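A.B. asks: Just a sequence and a predicted model for now, questions to come.
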Amino acid sequence: MSAATHPVAGRLQSLVGGDAKLLATVMGLPLVDGIFPALVLAGALDGPLDIVQVGLLVFGGSATVAVVLAEMDGSHREIVTTVAAVGVGLVALATVEATLAPTIESVLDIHTFERAAALVVLAVAAKTASARIGEYLPRPAVVVGLGLLVSLDLSNPQFEVVLDPRLVAAAAAAAAVGAGFALAVAVAGPHLRRRMDIDRFRFGSAVALGLLALSILGLDVGTAPLAVVGVAALFALEPGCADDRPDQSTADSTPHADAAD
């Protein structure tokens, strides 16, 4: 399965050129379209397990796996180096956004905005599961923008930068988890290309994202999203197919153009 057949990564493939640009776009999209800032403001990084869940699901999801395994060319060392460089930039940008988050929060009704954040995650989950469903859903950036608009509260604004070291550290850690996951996939790439069914992992990731949205809405799902990701990764592995299955990086080398998100 190539990135072009992934409902999220495929839409980006025709817009950017080069392996590093495509990977940076896929992993950095949550920073640009507002998904990650929305999760930060919604309190989705309150604990260590929450940080791991957000890092894996938002930055290290199935789209990242599809790009690393199916679309990146070059030697193993070159791929690993590229993924590591993208990861460093991802952590830096996530840190900057978390630094600004408390200032943004001061002019929002955070309880209203949490609902918008949950809707964003649900929309991404639906887009990940099905390209057809994604065609009928608004872009995450649109949902985040509307959420900001309806949540705006100017009764006690604070327009100076308020640094929250704990929040900044949590955001950086979440981005580092996603970057570390992508790097691990790159390191194990020669084996995973022959042993992993990315479609199975994609659907499991979509379910986990849906559970993450429910947790933002206040439902006690515990570590269920993390467990679903683990089970999806386990079911996606096919150890017995190592000798019979062609390398996905060559089998899926022909891209299928998709419409831009």
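C.D. replies: Yep, it's here.

A.B. asks: And the helix or strand hosting Ala174, what does it pack against?
C.D. replies: Secondary-structure element containing Ala174, defined by DSSP states H and E: helix 165-187. When contacts are defined as 3 or more CB pairs under 8 Å, 6 or more residues apart in numbering; DSSP states H and E, helix 165-187 sits against helix 19-32, helix 35-41, helix 48-54, helix 62-66, helix 76-105. The way it works is simple: take the backbone N, C-alpha and C, and place the C-beta from them, glycine included.

A.B. asks: relative orientation of it and helix 76-105 in degrees?
C.D. replies: Here the directions of helix 165-187 and helix 76-105 differ by 160 degrees (axes from the mean of the first three to the mean of the last three CA atoms, to 10 degrees).

A.B. asks: Same question for the following helix or strand past helix 165-187: list its buried residues.
C.D. replies: Toward the C-terminal end, the helix or strand that comes next after helix 165-187 (DSSP H and E) is helix 189-195. By 16 or more other CB atoms under 10 Å, the buried positions in helix 189-195 come out as 189, 192-195.

A.B. asks: name the helices or strands packed onto helix 189-195?
C.D. replies: Judged by 3+ CB pairs under 8 Å, 6+ apart, helix 189-195 is in contact with helix 76-105, helix 248-251.

A.B. asks: Out of those helices, flag the one nearest Ser130.
C.D. replies: Closest to Ser130 of these, according to CB to CB: helix 248-251, at 21.2 Å.

A.B. asks: so for that closest one, what's the average pLDDT?
C.D. replies: Regarding helix 248-251, the rounded mean pLDDT is 42.

A.B. asks: tell me the contacts of Val40?
C.D. replies: Shown in contact with Val40 (CB atoms under 8 Å, 6 or more residues apart in numbering): 97-98, 101, 167, 171.

A.B. asks: now, among those, which is nearest to His111?
C.D. replies: Within the contacts of Val40, the smallest distance to His111 is 16.0 Å, found for Ala101 (CB to CB).

A.B. asks: surely the closest one meets Ala170?
C.D. replies: No - between Ala101 and Ala170 there is no contact under CB atoms under 8 Å: 10.3 Å.

A.B. asks: of these two, who's got more company?
C.D. replies: Taking other CB atoms under 10 Å, Ala101 and Ala170 do not tie; Ala170 has more neighbours (23 against 20).

A.B. asks: Could you identify the most distant pair in the contacts of Val40?
C.D. replies: For the contacts of Val40, the maximum inter-member distance is 10.3 Å, found between Glu97 and Leu167 (CB to CB).

A.B. asks: still on that earlier bit, which one of the buried residues of helix 189-195 is nearest Phe235?
C.D. replies: Nearest to Phe235 among the buried residues of helix 189-195: Arg195, at 12.2 Å, using CB to CB.

A.B. asks: any idea how far the closest one is from Phe203?
C.D. replies: Applying CB to CB, to the nearest Å, the value for Arg195 to Phe203 is 18 Å.

A.B. asks: likewise Val185?
C.D. replies: 18 Å.

A.B. asks: More neighbours: which of those two?
C.D. replies: Val185 (20 against 16).

A.B. asks: which residue packs closest to the more buried one, ignoring adjacent ones?
C.D. replies: Distance criterion CB to CB, 6 or more residues apart in numbering; nearest residue to Val185, sequence neighbours excluded, is Val68 at 4.9 Å.

A.B. asks: Check what pLDDT Ala186 gets.
C.D. replies: 93.

A.B. asks: what's the burial count for it?
C.D. replies: Close neighbours of Ala186, defined as other CB under 10 Å, add up to 26.
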